[in-house]
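Colleague: For reference, the sequence and a predicted model appear below.
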Amino acid sequence: MSKRKKKNKIEIDYGPYEGQEFECYFQKRHEWMMVPNEEDAEMRCGAYHGSMFWEVPQFGKKAWVLVCNIVVDWKTLKQQGHSEEEIFKGCIKFLNRPPKRKKFQRRIKKSLYGNLSYVPVKTVFMEKEGDLIVQALIVTDKRRCNQFWSEGIAT
């Protein structure tokens, strides 16, 4: 009888990142990707993943996993000498910033997406529909966010 192989735990790092920040945005998507959608159907930034990620500490209690596509020109950033890890962390630093306020609006102190972790569960750098994107599974501390489809699983 063989022993079951344990998965490596993923460390969650919401802390400050001292590296460079890269401008990027989430690619909008429909709720169901494989089903034909209407042209005027609502689109959001991504979705909460429905699987159990036991390698993520505090999964289902204080951490949830998002599935999203981040649009960033990673080819030119790689040519400038940045690694894939630096590009991902720079994008997360940009996305973790609170939005700029409108005139006479109170300052928003928190990010729209919750705290996104600088350590991904998985990333894939690819070209899709003419855009250079980073497909990522990202850990967040916000269980329910109206920017993403569904909500985090509670365990």
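Modeller: The structure has been received and is ready for your questions. These numbers come from a predicted model, not from an experiment.
Colleague: Quick one: end-to-end distance for stretch 104-117.
Modeller: 31 Å (CA to CA, to the nearest Å).
Colleague: what's the answer for stretch 136-151, then?
Modeller: 17 Å.
Colleague: For it, what is the distance to the chain centroid?
Modeller: 8 Å (CA atoms, centre = their mean, to the nearest Å).
Colleague: Using PDB, write out every CA atom in the lengthiest helix in the chain.
Modeller: Longest helix of the chain, by residue count under DSSP state H: helix 84-95. Presented in PDB, the C-alpha positions along helix 84-95 are these (Å, rounded to 0.1, in the frame of the first residue of the first chain):
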ATOM      1  CA  GLU A  84       6.600  36.200 -14.800                       C
ATOM      2  CA  GLU A  85       6.500  36.400 -11.000                       C
ATOM      3  CA  GLU A  86       7.400  40.100 -11.000                       C
ATOM      4  CA  ILE A  87       4.700  40.800 -13.700                       C
ATOM      5  CA  PHE A  88       2.000  39.000 -11.700                       C
ATOM      6  CA  LYS A  89       2.900  40.700  -8.400                       C
ATOM      7  CA  GLY A  90       3.000  44.100 -10.100                       C
ATOM      8  CA  CYS A  91      -0.500  43.500 -11.500                       C
ATOM      9  CA  ILE A  92      -1.800  42.400  -8.100                       C
ATOM     10  CA  LYS A  93      -0.300  45.600  -6.600                       C
ATOM     11  CA  PHE A  94      -2.100  47.700  -9.100                       C
ATOM     12  CA  LEU A  95      -5.400  45.800  -8.600                       C
END
